[in-house]
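quick check, what structure comes out for this input:
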Amino acid sequence: MKPKVYLKELAFARSGDKGDISNIGLMAKNAESYQVIKKEVTPERVKKYFKGMVKGDVKIYSMDNLNALEIVLHNALGGGATRTLRLDQTGKSMCGLLQRMEIEVDEDVVNRAREAEEQILSRYESW
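Purely as a prediction, here's the structure:
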């Protein structure tokens with residue numbers, strides 16, 4: 001049995017909004033992690049994970065050249081920034097929430113993703 005880990009172990013994320021649509025960019029830490037998240041992060045799983053927060057469809061667009069997924073959550077912000085009573089009107093916290101979704105993955109994959117993250121972050125230490 002594979003261990004369960006949070007999605008944040010394999011990918012970085014950023015989110016935003018367009019009206020009542022929240023979008024999440026999920027960027028894998030390496031190509032191997034991308035193959036895992038592409039398989040494991042499905043519209044059905046994402047909608048189930050967000051439970052009643054996402055009232056509409058979930059669409060996922062693969063960006064193979066970037067090792068990233070664009071996840072679009074329709075009717076996810078209670079009407080949008082100017083209409084909602086939610087504390088997070090623009091969906092900025094949606095990426096953090098998604099990164100807490102658990103998936104099963106081999107420990108070796110997680111270790112290689114951690115190594116990749118260290119390499120990525122080391123590039124920006126001097127900034």
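
what comes into contact with stretch 101-117?
In this structure, residues lying in contact with stretch 101-117 by C-beta atoms under 8 Å, 6 or more residues apart in numbering are 1-7, 9-10, 28-30, 32-33, 36-37, 40-41, 45-46, 49. (C-beta placed from N, C-alpha, C; glycine too.)

and the top helix by length along the chain, which residues are buried?
Longest helix in the chain, counting residues (DSSP state H): helix 107-122. Neighbour-count burial for helix 107-122, with 16 or more other C-beta atoms under 10 Å as criterion, is recorded at 109, 110, 112, 113, 116, 117.

quick revisit: for PyMOL, what selects the buried ones among the contacts of stretch 101-117?
Here is the PyMOL command that picks out the buried ones among the contacts of stretch 101-117, judged by 16+ other C-beta under 10 Å:
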select buried, resi 5+7+9+10+28+29+30+32+33+36+37+41+46+49
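
in helices only, show me the contacts of stretch 101-117.
In this view, these that belong to helices under DSSP H are 32, 33, 36, 37, 40, 45, 46, 49.

I figured the fourth one hits residue 25, correct?
No: look at residue 37 against residue 25 with C-beta atoms under 8 Å: they stay out of range, at 11.9 Å.

any shared contact partners between those two?
Common contacts of residue 37 and residue 25, defined by C-beta under 8 Å, 6+ apart, comprise residue 69.

the residue lying closest to residue 59 once chain neighbours are set aside: neighbour count?
Nearest residue to residue 59, sequence neighbours excluded (C-beta to C-beta, 6 or more residues apart in numbering): residue 72, at 4.6 Å. Using other C-beta atoms under 10 Å, residue 72 has 18 other residues around it.

check whether the most centrally placed residue in the chain sits in a helix, strand or coil.
Geometric centre of the chain, nearest residue: residue 26, 4.1 Å, by C-alpha atoms, centre = their mean. Of the three states, residue 26 takes strand under DSSP: H, G, I helix; E, B strand; the rest coil.

local confidence estimate at the closest residue to residue 61 other than its chain neighbours?
Excluding the flanking residues, the one nearest residue 61 by C-beta to C-beta, 6+ apart is residue 70, at 4.3 Å. For residue 70, the model assigns a pLDDT of 97.
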